[in-house]
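>>> Sequence isn't available, so here's the structure alone:
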Ligand code: PMP
């Protein structure tokens, strides 16, 4: 029973349901993979950020099991108090090599990495320049910092320069997602870096959806654009293409040393477990040694996207495997997702506030582990539901 002061929670939940914005979270009865089991039923999985299919890869599972035997299951406390394990250092070295970055510090998640690094770099009296479609963890990190936040129009470098010309005291920090998670478009990082150099700003990119996807062997957006040494702060996650969980920041050794002193999630929250870290190291080693999975991911994405477009669907401005199939109103997108579910296709609708009102969509995440038959199965379901609902 809710207490009287908490009564508003019930009203809010009812409002979400009435407006078609309530998110019914599905329960998976097995591992993440191209197909998942929900209510005892095999469902084609178009929802996961497990781009390369590594989340249940036998090599990662074995590495995790061995780490449990050697290091146990928990980190003990925060690293700055209980000490850091050799395993965490090994991960940071492996990531730095992979990203071709000077140094890396790992965090509990990509979200935590953003909350750590932004307030460590700017505060009251400083200014942040933030793309209007940046991820929620960037927005929260910016708010936590108490710096002034100037939002520029999405990927619009004229808009960014206008903001940079405005008078601003203190430090300047330009922050952008590398690949935008709801639209799949790529930030114009070279232009943004040039503006940063011209106006003396720090540059930061969140590469959560770029690593394992863009650049040689999936090294990410900095590699994709050949910008090594010109981006001050790279944030990454281990939970998407790398298939595990955790986050990190890559940059100059002094920056990394500073974050171990001033990054609050590092100082006040325990590290990810030995099993996670060992699995992540195995994932980085797989990517480093072989680009087959990245190639397969792109081949699958090209195949799916071209067929979906041929059917008459609008996939917005996607340039990456993230495929937003635009529906419009949240209620219609919810209905589309439910009908796909009846066809044994698990593809979530995304509505306000994650995307603007009227821009609700089905966000399809194709992975390297899908077979052509899997993709064809999904395309047939999209065609059926699209026709039933009069959308194509
Ligand atoms: N940044 C971006 C751009 C993201 O899309 C996400 C995940 N949705 C995160 C950060 C957070 O990453 P994590 O899941 O590791 O916290």
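Okay, I see it. Since we're looking at a predicted model, the values are computed, not measured.

>>> Going by C-alpha atoms from here, please, whenever you check contacts or count neighbours.
Will do.

>>> Just give the number of residues close to the nearest residue to residue 214 once chain neighbours are set aside.
Spatial nearest neighbour of residue 214, chain neighbours left out: residue 220 (4.7 Å); criterion: Cα to Cα, 6 or more residues apart in numbering. Residue 220 has 25 neighbours, counted by other Cα atoms under 10 Å.

>>> try residue 138
26.

>>> tell me which residues in the helix or strand where it lies are buried?
Following DSSP states H and E, the helix or strand that holds residue 138 is helix 136-145. Residues 137, 138, 139, 141, 142, 143, 145 are the ones in helix 136-145 that count as buried (16 or more other Cα atoms under 10 Å).

>>> Please enumerate residues in contact with it?
Residues from elsewhere that reach helix 136-145 (Cα atoms under 8 Å, 6 or more residues apart in numbering): 110-112, 114-120, 122-124, 128, 149, 175.

>>> do stretch 275-287 as well
In contact with stretch 275-287 (Cα under 8 Å, 6+ apart) are residues 54, 59-68, 73, 87-88, 90-91, 94-95, 98, 212, 217-218, 238, 242-246, 293.

>>> Spell out for me the PyMOL command that would select the buried members of those.
In PyMOL, a selection of the buried entries from the contacts of stretch 275-287 looks like this (16+ other Cα under 10 Å):
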select buried, resi 54+60+61+63+64+65+66+67+68+73+87+88+91+94+95+98+212+217+218+238+242+243+244+245+246+293
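
>>> Return only those of the contacts of stretch 275-287 found close to the ligand.
Checking those against the ligand by Cα under 6 Å from any ligand atom, the ones in range are residue 246.

>>> Might you specify the subset of the contacts of stretch 275-287 located within helices?
59-68, 87-88, 90-91, 94-95, 98, 293 (DSSP state H).

>>> what mean pLDDT does stretch 109-118 have?
Stretch 109-118 carries an average pLDDT of 98.

>>> circling back to that earlier point, ok, now which ones touch the residue nearest to residue 214?
Neighbour list for residue 220: 99, 207, 210, 211, 212, 213, 214 [criterion: Cα under 8 Å, 6+ apart].

>>> Alongside the ligand, which residues does the chain contribute?
Taking Cα under 6 Å from any ligand atom as the criterion, the neighbours of the ligand within the chain are 109-111, 135, 137, 177, 181, 206, 208, 237, 239, 246-247.

>>> Distance from the chain centre to the helix-or-strand element of the chain with minimal mean pLDDT, please.
Ranking every helix and strand in the chain by mean pLDDT, DSSP states H and E puts helix 79-82 at the bottom, with a mean of 84. In terms of Cα atoms, centre = their mean, to the nearest Å, the centre of helix 79-82 is found 27 Å from the chain centre.

>>> name the helices or strands packed onto that helix?
Applying 3 or more Cα pairs under 8 Å, 6 or more residues apart in numbering; DSSP states H and E, one finds that helix 79-82 contacts helix 264-268.
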